[in-house]
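J.: Quick one: sequence plus predicted model below, questions after.
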Amino acid sequence: MNVFVLDLVLVLGLSLVLTVCVARSPYQAVLQHSRIRGRQQGPNVCAMQQIKGSDKKYFTNCKQWYHRKICSKPTVITYECCPGYERIPGEKGCPAALPLVNIYNTLSVVGASTTQMYSDRAKLRDEIEGPGSFTFFAPSNEAWAALPTEILDALVSNVNIELLNALHYHMVNRRLTSEELRHGSSFASMYQDFHVHIHHYSNGVVTVNCARLIKPDQHATNGIVHVVDRVITAISNNVQTLIDVDEDLETLRVSPRVLLSLTRARVQSDLLLYHLHMTIVTLMSSSFPALSDLLNYHILNQMQCAESIVSGTPMETLQGTVLEVGCDGDQMTLNGNAIVTKKDQLGTNGVIHYINELLIPDSAKTLLELADGSSVATATRLFVEAGLRAHLTGSEALTMLAPLNDAFKGNARPLTSLMTNHLLKEQLSSKSLYHGQELETLGGAKLRVLVYRNNLCIENACIAAHDKTGRYASMFTVDKVLTPPMGTIMDVLKGDDRFSILVGAVQTAGMTELLNQQGALTFFAPTNDAFTALSRTELNRLMGNPQELAGVLRFHLGEGMLVSGGVGSHTRVHPLEGKKLELGVRNYTIYVNKVPVAEADLMATNGVVHGINSIIKPLCESPLNPDSGPRPGPVVLRLCVLTPCSLSHRLTPGASGMVSLSVQV
């Protein structure tokens, strides 16, 4: 019975701990991490990261702590008292809890003395000193200093109305801790019940009307103070109304179809990134799907205030793809570019950031636009030089195989004539390709699809990046310049002087028909250097015995078609004769049974040829199992040779511990 009670107590205790952990807000999680990082400095000390050259500070999360960067800028670590605590001279850390005073007096303690001063002027002091339970989002001293002069003058010239209203908009008539400031929530302010809008992000940043809470949870006897980094203004218009009244967004208002994307019911979930650019007018005259994709590419499916961004993060758009939203110092960036000209224009159902470039999604691009990138710039130039611009800018259903820039290094082939074979005659998705599928190019070549555990290849070229799907066509980025098959394996060998001895050996062994017939073979083909490395006696004996020669060559022929991109760690191929061929990659070189491949991927209609400069020998295998421990009796080691014979060495331990060796042929 006692055991049962103990178990029940443990279960209930664990449930309570888990509930507390799950309920902890992102801000509280980051605050706890900062406490852990600062605990060596004494009790109640939090580690902060301050961006060098600025006054911006952040409680540090794990990622920021190790990267030592915020918004791409280096940071310095400072140690400060955690919220609600203060230092005592002569004692380590921050052992004393701040004495609770009313909100008015709390303002001066937490770095909001300017807000305290304006509260005096606006006759708000009595209210925030008196009874009640308030939440005050108090602008810091720096926030007031950053307010444009004309706005500040308008406020202080009419303190009894304008300034008082502005301060009341920063207040909520109830106590709200950071735990209660949940993402997407809003609360009626004390200025005509206009709502303030809260966003609590996964990185611990909390904003009110896109102003960041820089000192949350400063408790007072009659409420709580959250210090914010800017003076906030009342929000009454939705996003569509903001667009309707802003002259800078006139082009965006030209067509009712543009606003269709903005009239869908959304509650504080849209990040709208717009650019005034006459190019949009041209797109308005095109098909609605293309225009819809264009607009939805500028809208994120979650609201993101600029102050919430501390590093680059991929964010999904309504169009279904992602934008890399980041920051560089004070600048907000998109896909790494600082093109945001005005931030945080807040509406009741979203926020607008103005940008000075039109963002074109892949789904609205032509092939030439899809290929317009540094990683495939060489291929793009060669396509144009080959006279294929019309195909890249037209409405044909095509798939481009675009090799990476590095694929062209040291390539001496006439590349321009090859480019037509890098365009497939239909628009494809790599997800729909299957092993053995045949694809036709604009140049008339037939290409095979090869599916491996670690790669998806078309002939010798393997896909190196995600597909880009354009309006009419698609682009596959591949790791090599494609080599269409130009004949059978025998044709490949005959067309290359390096294999002249091998061609004669194949004919002597009676294997010409095998290398000409349809199928899928992988030939690790010995070059002339491989044969001349043998002694004259060995070479003459091998060439004079067609049966033995055929056995050696068939050991170099693997079942199935394996290009270099399909080789991984311990890849195995079954030879036509013999036990196995084991392949691996080291320092970008492929090895087969420890023999390096000199030149890979000579493509043939019935397989692939890999040139090697040594004859492959079978891998020797010990019959001992290293995991089974020592075995009594004689130990047998087998030596592998090229001939059908084998040597058997018998090592027999003697009574005195000596080992005797016997050789049997």
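T.: Arrived safely.

J.: For the residue lying closest to Q518 once chain neighbours are set aside, give me the pLDDT.
T.: Of all residues not flanking Q518 in the chain, N606 sits nearest, at 5.6 Å (Cβ to Cβ, 6 or more residues apart in numbering). In short, each C-beta sits where N, CA and C put it, glycine included. Looking at N606, its pLDDT reads 96.

J.: Likewise for P526?
T.: 96.

J.: any low-confidence regions in this structure?
T.: 1-23, 250-290, 411-416, 620-665 (pLDDT under 70).

J.: Okay, domains of it per the record?
T.: The chain breaks down into these domains under the TED database: 26-96, 99-228, 239-358, 365-478, 489-612.

J.: Just list the residues touching the residue nearest to Q518, thanks.
T.: Applying Cβ atoms under 8 Å, 6 or more residues apart in numbering, we find N606 in contact with T488, I489, L515, N516, Q517, Q518, G519, A520, L521.

J.: Tell me which two of those sit farthest apart.
T.: N516 and A520 (13.8 Å; Cβ to Cβ).

J.: Whichever of the contacts of N606 end up buried, select them in PyMOL.
T.: Only the buried entries of the contacts of N606 go into this PyMOL selection, using 16 or more other Cβ atoms under 10 Å:
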select buried, resi 488+489+515+516+520+521
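
J.: Hmm, S72 and K52 touching each other?
T.: No: with contact defined as Cβ atoms under 8 Å, K52 does not reach S72; the gap is 11.6 Å.

J.: Between the two, which is the more surrounded one?
T.: Neighbours per residue (other Cβ atoms under 10 Å) separate K52 from S72, with S72 holding more: 17 against 11.

J.: Is the nearest residue to the more buried one once chain neighbours are set aside bridged to anything, and to what?
T.: Excluding its sequence neighbours, the residue lying closest to S72 (Cβ to Cβ, 6+ apart) is D328, at 4.7 Å. On the basis of DSSP bridges, D328 is bridged to Q331.

J.: Quick check: D328 touching I339?
T.: No: here D328 lies out of contact with I339, judged by Cβ under 8 Å, at a distance of 11.2 Å.

J.: Those two: which has the busier surroundings?
T.: I339 (19 against 14).

J.: Helices of the stretch 451-600 of the chain, start to end?
T.: With DSSP state H, counting those that start in this stretch, the ranges of helices along the stretch 451-600 of the chain come out as 489-494, 500-508, 512-516, 528-532, 536-543, 546-555.

J.: Would you mind giving the ones you listed as JSON lines with distance to L124 added?
T.: Below are the helices of the stretch 451-600 of the chain laid out as JSON lines (distance: least, Cβ to Cβ, whole Å):
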{"stretch": "helix 489-494", "distance to L124": "88"}
{"stretch": "helix 500-508", "distance to L124": "95"}
{"stretch": "helix 512-516", "distance to L124": "94"}
{"stretch": "helix 528-532", "distance to L124": "92"}
{"stretch": "helix 536-543", "distance to L124": "102"}
{"stretch": "helix 546-555", "distance to L124": "92"}
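
J.: Give me whichever of the ones you listed is most buried.
T.: helix 489-494 (a mean of 21; mean count of other Cβ atoms under 10 Å).

J.: Need the residues that contact it.
T.: 486, 499, 502-503, 506, 512, 515-516, 521, 523, 525, 602-604, 606-607, 609.

J.: and the gap between E599 and T366?
T.: Distance, E599 to T366, by Cβ to Cβ, to the nearest Å: 37 Å.

J.: Those two: which has the busier surroundings?
T.: Shown here are E599 and T366; by other Cβ under 10 Å, T366 has more neighbours (18 against 15).

J.: which secondary structure element contains D344?
T.: Element membership of D344, judged by DSSP states H and E, is strand 340-347.

J.: how about that strand as CSV, C-alpha atoms only?
T.: What follows is strand 340-347 as a C-alpha-only set of coordinates in CSV (Å, rounded to 0.1, in the frame of the first residue of the first chain):
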residue,chain,number,x,y,z
VAL,A,340,13.3,46.6,-47.1
THR,A,341,12.8,50.4,-47.1
LYS,A,342,10.1,50.8,-44.5
LYS,A,343,9.2,48.3,-41.7
ASP,A,344,6.3,47.5,-39.4
GLN,A,345,3.4,49.3,-41.0
LEU,A,346,0.9,47.6,-38.7
GLY,A,347,-2.8,46.9,-39.5
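
J.: who does whichever helix or strand comes after it pair up with?
T.: Later in the chain than strand 340-347, the nearest helix or strand by DSSP H and E is strand 350-355. Sheet pairing of strand 350-355 (DSSP bridges) gives strand 270-274 (parallel), strand 340-347 (antiparallel).

J.: residues contacting the residue nearest to S72?
T.: D328 neighbours (Cβ under 8 Å, 6+ apart): C71, S72, K73, A338.
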